[in-house]
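**Student:** I'd like to go over a predicted model; first the sequence, then the structure.
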Amino acid sequence: MNNDNDEGKVEIGSGQGRDWSELKQECLIDILSRLSMEDRWTGPMLVCKPWMNACDDPWLNSVFDLETWFESSRISNLWFSFEFEQKVDSFLRCVVDRSQGGLKEIRARHCSDVCVLRCSEMS
């Protein structure tokens, strides 16, 4: 049954919804800035090319903050492995590259001194 009040409404799953890939870059960056670093790296950058480009924005990558992840993680026994330190180092180097020299703050545990020194030289 169709009601006059239903006019203009889009049914969920109809395929007639918004094309979120066309969201303005500034709006998308503002939205993405509200997500944790981990959430940005595990979701939005995989949606579409415009979202990936927004995740690459230097402003979004001006802070490397994994402290919230470390505080909420239950796998602390893995933090002391060399492999884990290498992963954090790799992640940090990637953020430095994306920041295009604009990295202002590093909040993380278990990254190597060599990596932090190299990052400070690049920023």
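**Tutor:** Received it, and whenever you're ready, just let me know what you need.
**Student:** need the single longest helix in the chain, by residues.
**Tutor:** Across the chain, the longest stretch assigned as helix under DSSP state H is helix 82-99.
**Student:** for the helix or strand just after that one, which strands pair with it and how are they oriented?
**Tutor:** Counting by DSSP states H and E, the next helix or strand C-terminal to helix 82-99 is strand 105-107. According to DSSP bridges, strand 105-107 forms sheet pairs with strand 63-65 (parallel).
**Student:** now do the partner strand: distance to the chain's middle.
**Tutor:** Distance of strand 63-65 from the chain centroid (Cα atoms, centre = their mean, to the nearest Å) equals 10 Å.
**Student:** tell me the buried residues in it?
**Tutor:** Within strand 63-65, the residues scored as buried using 16 or more other Cβ atoms under 10 Å are Val63, Phe64. (C-beta placed from N, C-alpha, C; glycine too.)
**Student:** any idea of the mean pLDDT in that strand?
**Tutor:** The pLDDT scores in strand 63-65 average 82.
**Student:** got it, and stretch 92-106?
**Tutor:** Per-residue pLDDT over stretch 92-106 has a mean of 87.
**Student:** same check, this time on stretch 26-45
**Tutor:** 86.
**Student:** list the buried residues in that stretch.
**Tutor:** Those would be Leu28, Ile29, Leu32, Met37, Arg40, Pro44, Met45, for stretch 26-45 by 16+ other Cβ under 10 Å.
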